[in-house]
Structures are given as structure tokens and as C-alpha cells.
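In: Give me a 3D structure for the following:
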Amino acid sequence: MTRPLLTIGVGLLLAAAYTASPLGLLFVIATPLLCLVAGRAMPPQERRLLSTILATALIARLVAVVAMFLVGIPHHNDLAVGALSGDEAYNLGRALRIRDIMLGFGGTHYDYFVATDEYGRTSYLELLTRLQLVFGPAPYGLRLLNALLFTSGAAVLFRMVRPAFGSVPAFLGLVGVLFLPSVFYSSISLLKESLYFLATSVLLAAAVRVLRGRGPLGMSLALIAMAASLWVLDDLRRGAIFLATAGIASAVVMRLAFASRRRAAMALAGAVLLIAAVLTQPSLGNRALDGVTGLARTHSGHVFTVGHAYKLLDAGFYMNPATPASSSITLTPPQAVRFVLRALVSFVLTPLPWQAASRGELAFLPEHLLWYLLLATLPMGLVAGWRRDPLVTAVLIGFVLPTALVLAFTNGNVGTLLRLRGLVTPYLIWIGVLGMCVMAESLLARGRGATRPRPWTPTLEGSVA
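Out: Here you go, the predicted model:
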């Protein structure tokens, strides 16, 4: 009699949970499945540790989403679910408008205008629409789905990094990626960052598999995974497929160029010759200057957006605000050089701690200091990573470079920079953490050497040194 009652009770509980949040129930079911798949073929102790970290990360995100729901109760109505704002409100509102039109609920001319507008049309918007078409409006369930996508991407990167860098750096890097505050919040937002992170993680792991060339079946599956990832990225963010392919190409070039000291010397000589050709050939120099000028125009347009701006050009270029398309900025070679140098430095340092201009930037300051620490340990992590597994190291750094350069040269808003820098931070964390581990191991080794008693050595006087 007890078992039927228990079965009925569990069924009623599941029915109530599905009614309240179908995607929330799928999130709960998928959590143990992700832990099981991520720990496949790992030693039992490491598998348990991995499951604990992933489950803790997902539970923490579940708690955060529930807290958002409770805080937003006074604002829950048909017009504003949880009083969303910015891109989150736009994504959810547009997806719901499209859903209503598809279900035949009618709509105004403005609804049709928003639904068919080319601006903001991405594969993530289509995903939001289709999920809510099946499960109904789900502003909080979609947050949990994003949390699951992001955590899955982190698990994919962990599986790639662990055999390359070792267990300790891999686990510490995983904790850093999953619990870094800004990345944590981004992973439960109604934005495309989680899907973007999962697609790029699968792309990198598949690229490593292809470049290693282990088995025709494995390579075929990896190529299919790469094609699927690029297909998702193509419509997810403007220029994403270009950045992704450029990142993989950069990784291949780095791996080949630095395979030996001789190749490294030849690559360096080739870079010097290329720079000399650009400087001495007017046609090449003009093309390079035109490219930098286009980037500067994009940057100047972002400077005049709402929020805390920062400037990379000389002061006179900001006298007449204009969009990038209508900008008439023209740079001389010295001005272009100054712009490039300021952009590179700003991407690394902006905002300096004393430049915080809002409460949000002050709240971000501790994480910004961690960013500085990460960059300080990056060189040692690069050396150690190249010694342990040059291919994985090249893939991580090579993928970051094109994205970082585009962000550095085109941005002009501090808040946007801090948010978009999260596109490269998760990949740098693994190398930075490896550098920290190498430094800690070196310090411990020195400490053991300093406390170890010196051997007894007889001297001519019969004493000991």
C-alpha cells in the first residue's frame, strides 16, 4: 500500500513542478545527467569531485533564479515580467510577440514591425520563441536553461584541459569559470552569452580532436561538431563565424610557428618583413591605415552611447558626434599608431581602480583586480602550458586573440567592455590558473629546500660547514 501512495505522491509532485515551470523541471532532470556524462571514464575520486562542482554550480544558479523570482513578485504582470530592462527585456518581449502572432492571438502593426525587424534577429531569439511556443511563457525557466548551457560548456572545456594541464589546474580553472561573479550573472541572464559559450567550447574541443588526428571515426564526429558549432555561431553574433575561424587559424599558425626555436625565429623574421613591407609600400600602408580608420570610426560611435565612456583617439576627434556610418574621421599614420596602442592598453587596464564612475563599477572592482592578477600570471601559464600541451595552449590563446583585438579597437563604453570581456575571460582563466599553480609549486619547492637540513661536510679543522 505504501509504494502506490509514494508513486502517486511523486507523480503529483512532478505534475505540479511541470505545471509551475516545465523548463525548471527539465533543468532538475538534466543536472544529474550532465554530471554523469561529464565524469565519464574519469577516476572515481575525480568523478565525484567534478559532479560536486557541477551540481553546486547549478544549484547556486537555481537559488539565484528563485531569488530573482521572489524579488520580482511585486512587478509580475502581463506587461513586465520581473521588471526586465535592456537587452533582456527586448529578447523576451520580441519572442513573446512572435509567439502570440504564431498562435493567432492577433497583434498591432507595431507587433508585426518588431517581429519582422532585422535588427536583433539571431538564432537565440528563435530558440526563445520556439521554447515558449512549446512550454508557454517562461522568463525564469529560460534563465535555468541558459545556466545549463553555460555549465555544459564549462564541462566541455574541462574535459579538454584536464589531460593537457593536469587535474589541479583543470579543477581550479573550472571553479573560476563557474563562480566568477560577472560570468555567473551572465550565465543566468536572458542573453545569448550562454549559448555562445557552449558553441565555442564545443568548437575548440572538436578542433583539438581534429588537429590531433586520432582515428577516422573520432575525426568525423569532431568535424560534424565543428560544423554544427559554426552553424550556431553564424547567426548568433555579428562576425562570430569570422572570429571563430580566425581564432582556429591563429591557433594552427601558432602551433606550427612555435613548434621549434628555428621555426619561431623564422616566424619572427617573417613578421618583421611584413611590418617593413607595410611601412615601405604605400599601397599596403594605405590599406592598413584605412582599416584602422574604420575601427576608429566604430569606436567613436560607441563613445557617445549612454554610460561611462573612454576615449582612444586624440581629443579633437570627439568634437562632432556621429554614427560610424556617417563619421568623417581621417587618421594620419602617427594618429593611427597612438589609437592602436591606446586600444591595446585600454582593453587590459580599463577602468583603472580610481576611474570607477558608478556603484556598478565599484561593485565590479574586486573582480577587476582578479583580472589584473590573471593577466600577471598569464605569461608563466603560457610557458607551462606550452611545455605540457602546446596544441591546447595554442587553441585557447589563438581563439582569444581575434575577439580581444576586435573588442579593443571598436569599443568605447566601460560597461560594454566589462561585459564583452567575459567572452575571452573563461578561456584565459585556465592558462592563468596554470600559471598560479606553477608559481605556488615553485614557492613550495623553495620553502622545502630552505627548511631542509644541510648535509654534514667535514672541514680541515674537523668542524662541519
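
In: so where's the stretch 1-150 of the chain shaky on pLDDT?
Out: Screening the stretch 1-150 of the chain residue by residue with the criterion pLDDT under 70, one finds the ranges 1-2, 5-20, 75-85, 106-107.

In: And the helices in it?
Out: Per DSSP state H, counting those that start in this stretch, the stretch 1-150 of the chain carries helices over the ranges 2-20, 22-38, 44-71, 86-102, 109-116, 123-135, 141-165.

In: Out of these, which is closest to Phe171?
Out: Taking C-beta to C-beta as the criterion, helix 44-71 is the member of those that comes nearest to Phe171, at 6.6 Å. Glycine gets a C-beta too; all of them are placed from N, C-alpha and C.

In: In which helix or strand does the residue nearest to Leu375 when sequence neighbours are not counted reside?
Out: Of all residues beyond its chain neighbours, the one nearest Leu375 is Val348 (6.3 Å), with distances taken as C-beta to C-beta, 6 or more residues apart in numbering. Here Val348 is covered by helix 333-349, with elements defined by DSSP states H and E.

In: Mind listing residues that contact that helix?
Out: Helix 333-349 is touched from outside by 285, 289, 292-293, 295-296, 299, 310, 312-314, 331, 375, 404, 407-409, 417, 421, with contacts defined as C-beta atoms under 8 Å, 6 or more residues apart in numbering.

In: Show the buried residues in those.
Out: Restricting the contacts of helix 333-349 to buried positions leaves 289, 292-293, 295-296, 299, 310, 312-313, 331, 404, 407-409, 417, 421, with burial counted as 16 or more other C-beta atoms under 10 Å.

In: Mind checking which of the residues you listed land in helices?
Out: Secondary structure assignment by DSSP state H places Leu289, Val292, Thr293, Leu295, Ala296, His299, Ala404, Leu407, Ala408, Phe409, Leu417 of these in helices.

In: Looking at the residues you listed, spot the one nearest Leu428.
Out: Closest to Leu428 out of these is Ala404 (9.1 Å), distances taken as C-beta to C-beta.

In: How about the contacts made by that closest one?
Out: Going by C-beta under 8 Å, 6+ apart, Ala404 touches Phe347, Val424.

In: so what pLDDT did the nearest residue to Ala257 once chain neighbours are set aside get?
Out: Leaving aside its sequence neighbours, Ala257 sits nearest to Ala267 (C-beta to C-beta, 6+ apart; 3.8 Å). At Ala267, the model reports a pLDDT of 78.

In: Ala267: helix or strand, and which one exactly?
Out: helix 261-280.

In: and the two most separated of the ones in helices among the buried ones among the contacts of helix 333-349?
Out: When C-beta to C-beta is used, the two most widely separated members of these are Leu289 and Leu417, lying 24.7 Å apart.

In: Tell me the buried residues in the longest helix anywhere in the chain?
Out: The longest helix of the chain (DSSP H) is helix 359-388. When neighbours are counted by 16+ other C-beta under 10 Å, the buried residues of helix 359-388 are found to be 361, 364, 368, 370-371, 374, 377-378, 380-382, 384-386, 388.
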